[in-house]
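Chemist: got a structure for you, letters missing:
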């Protein structure tokens with residue numbers, strides 16, 4: 001069977017605020033298939049002014065605390081960019097992209113099925129690196 005990518009209705013450029021962007025990122029994350037033991041928090045990082053658009057950068061930090069280790073040894077970050085065009089009509093939806101920590105690959109929420117394994121791999125790699133150091 002073919003997997004249907006879940007997506008949300010992103011706000012338009014004229015209705016965008018920094019907080020609305022963060023709330024919509026949280027809403028998009030809620031459609032991802034991750035185990036309930038994963039915890040995350042999100043934050044606005046900065047605004048970037050470009051010639052034809054404005055970009056708003058956010059970070060979502062993930063961890064998997066347990067009873068034995070309530071303070072996780074490592075976290076994994078997912079970086080979101082919400083882009084508002086200065087050329088398209090203000091009623092156009094914002095463009096949204098995300099990248100994973102330590103990766104250059106740019107994902108679009110409406111075209112990509114998020115994998116919990118990506119978070120696990122980042123954390124496992126960090127723990128391996130800490131053991132080597």
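Modeler: Good, I have the coordinates. Worth saying up front: this structure is predicted, and the values here are computed from it rather than measured.
Chemist: Next up, the contacts around the nearest residue to residue 111 once chain neighbours are set aside.
Modeler: Nearest residue to residue 111 in three dimensions, chain neighbours excluded: residue 5, at 6.9 Å (CB to CB, 6 or more residues apart in numbering). The way it works is simple: take the backbone N, C-alpha and C, and place the C-beta from them, glycine included. By CB atoms under 8 Å, 6 or more residues apart in numbering, residue 5 lies in contact with 109-113.
Chemist: Of all pairs in those, which one is the farthest apart?
Modeler: 110 and 113 (10.7 Å; CB to CB).
Chemist: how about low-confidence regions in this structure?
Modeler: For the chain, the stretches with pLDDT under 70 are 1-3.
Chemist: residue ranges for the strands of it, please.
Modeler: 39-49, 53-63, 76-85, 95-100 (DSSP state E).
Chemist: okay if I get the ones you listed as CSV plus mean neighbour count and distance to residue 9?
Modeler: Formatted as CSV, the strands of the chain follow (neighbours: other CB atoms under 10 Å; distance: least, CB to CB, whole Å):
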stretch, mean neighbour count, distance to residue 9
strand 39-49, 12, 19
strand 53-63, 18, 18
strand 76-85, 20, 14
strand 95-100, 18, 11
